[in-house]
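Colleague: pasted the sequence and its predicted model underneath.
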Amino acid sequence: MDHLEIARHFTRSDGSYHFSRWGRPIVPIVFGVEDQTLPVVKGAFEAVVAVAGHKMAETDPELGANCMVFFFRDWKELLAVPDLDRLIPDLGPLVERLIKAGANQYRAFRFDRDGAIQAAFVFLRMDAEMSEQPAETLALTQVVQVMLLWSEQAFSAQSPLALAGESTILRPEIAGLIRAAYDPVLPGSARDASHALRLSARMERAQ
């Protein structure tokens, strides 16, 4: 993966480059799944956080939980979640746009003063497509997509996952990119595409 391909993973549809990683330990909480599914989601977080060399925690001093994952069947269910409209601005109009688009997932982020990720909200509408995915695959895919502020097109052509025998794993180049992104020498956020050169150098050094 050269620096141009790396840059495409963080280049928005308007052509701007925007990279951010978590600036604090991740504290996930999951809503809308059965008890037996919770360890699967937690395991996915633990696996990807370990790849990054980042940390998880039991609680966030400001927010309690800073990574909220919601599973549901209908977007309108979100309108009944207490205080969610305080966390997600313009929740009503957003729900209407997602319904009109036929979307089955949406992610929102909050950032600290330095531009690093402070909180993330993952919304998954379990339509037929989503429901067909094995729980492990679904969880791992979503955790990967919340570890960094990827471009909206980053994984449109190819999944971040691959099969290794009967197991689903991160594609090696994506695992390497996540690991490089969390190198403590690099900044928690960047708006200049030259940052991709630094990521590329870290990946080459790791090899």
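Modeller: Cool, got the structure.
Colleague: could you list the domains of this structure?
Modeller: If the domains of the chain are taken from automatic domain parsing, they occupy 1-19+151-207, 22-147, with pieces of a single domain joined by a plus sign.
Colleague: average pLDDT for the first one, rounded please.
Modeller: This means domain 1-19+151-207. Confidence over domain 1-19+151-207 (mean pLDDT, whole number) is 93.
Colleague: try the longest one
Modeller: Domain 22-147 shows a mean pLDDT of 95.
Colleague: how about the domains of the chain in TSV, adding mean neighbour count?
Modeller: Any C-beta I mention is one placed from the backbone N, CA and C, and that applies to glycine too. Shown next, in TSV, are the domains of the chain (neighbours: other Cβ atoms under 10 Å):
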stretch	mean neighbour count
domain 1-19+151-207	15
domain 22-147	16
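Colleague: could you point out the longest helix in the chain?
Modeller: helix 38-52 (DSSP state H).
Colleague: and it, what other elements does it pack with?
Modeller: Counting contacts by 3 or more Cβ pairs under 8 Å, 6 or more residues apart in numbering; DSSP states H and E, helix 38-52 packs against strand 28-31, helix 135-147, helix 172-181.
Colleague: quick one: the strands in the chain, in order.
Modeller: Secondary structure of the chain by DSSP state E: the strands cover 19-20, 28-31, 67-72, 105-111, 117-125, 161-164, 167-170, 189-190.
Colleague: sorry, back to before: just the angle for the longest helix of the chain relative to helix 135-147, thanks.
Modeller: Between helix 38-52 and helix 135-147, the angle formed by their directions is 50 degrees, by axes from the mean of the first three to the mean of the last three Cα atoms, to 10 degrees.
Colleague: now helix 38-52, how far from the chain's geometric center?
Modeller: Taking Cα atoms, centre = their mean, to the nearest Å, one finds helix 38-52 lying 12 Å from the centre of the chain it belongs to.
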